[in-house]
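# Quick one, what's the 3D model for this:
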Amino acid sequence: MPLNRFQKLKNRLKNEKELSNVWLYYSDNFLRDPSFTDMGDRTHNDFIEAVIPQICAQMFGKKDKPQDLFQIEIPEHNFIHGAFQVGGRLSQFIYFKSSQLGMIIVANRLDEERMVNYARFGNPLASRAPANLDLN
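Sure thing, here's the model as predicted:
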């Protein structure tokens, strides 16, 4: 898979105002490519595990908690993607560790109005300079 696809996705994630366009690019250029689905290994990322429940609580309230979080990391691209469920809704996410920027997509249940929910997220602590811990 060409490296420039990852760079284009990262740029779109950072700059695109319409998150549906980001997801469409990801779907067309990654999810439909068999070489992509074979890349990476299962992983665990603490930031992802912390931020997804926070976003879901903002979208749906605290009653619907994410379940079955599955994460795959592609280390050579500093990229994590995966899936989860929240309140019976199928959900996916992408996340670039290098820029600490990601997004989730949550499809509504069939009994809900037919729409998709998107959210972009980042790690606000990533841009902060470390505190001076002079212990002398």
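# all contacts plus neighbour counts: C-alpha atoms, from now on.
OK.
# Longest helix in the protein, please.
In the chain, ranked by residue count with DSSP state H as the criterion, the top helix is helix 46-60.
# roughly how far is whichever helix or strand comes after it from the heart of the chain?
Past helix 46-60, further along toward the C-terminus, the next helix or strand under DSSP states H and E is strand 66-74. How far strand 66-74 lies from its chain's middle: 10 Å, per Cα atoms, centre = their mean, to the nearest Å.
# With stretch 49-56 instead?
On Cα atoms, centre = their mean, the centre of stretch 49-56 falls 10 Å from that of its chain.
# Over to stretch 46-62?
Taking Cα atoms, centre = their mean, one finds stretch 46-62 lying 11 Å from the centre of the chain it belongs to.
# then it to CSV, C-alphas only?
Output of stretch 46-62 as CSV, limited to C-alpha atoms (Å, rounded to 0.1, in the frame of the first residue of the first chain):
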residue,chain,number,x,y,z
ASP,A,46,-4.6,3.5,26.6
PHE,A,47,-5.6,6.8,25.0
ILE,A,48,-8.0,5.1,22.6
GLU,A,49,-9.5,3.1,25.4
ALA,A,50,-10.0,6.4,27.4
VAL,A,51,-11.3,8.7,24.7
ILE,A,52,-13.8,6.5,22.9
PRO,A,53,-16.1,6.2,26.0
GLN,A,54,-15.9,9.9,26.5
ILE,A,55,-17.0,10.6,22.9
CYS,A,56,-19.7,8.0,23.1
ALA,A,57,-21.1,9.6,26.3
GLN,A,58,-21.2,12.9,24.6
MET,A,59,-23.1,11.4,21.6
PHE,A,60,-25.5,9.1,23.4
GLY,A,61,-25.4,9.7,27.1
LYS,A,62,-23.8,7.6,29.7
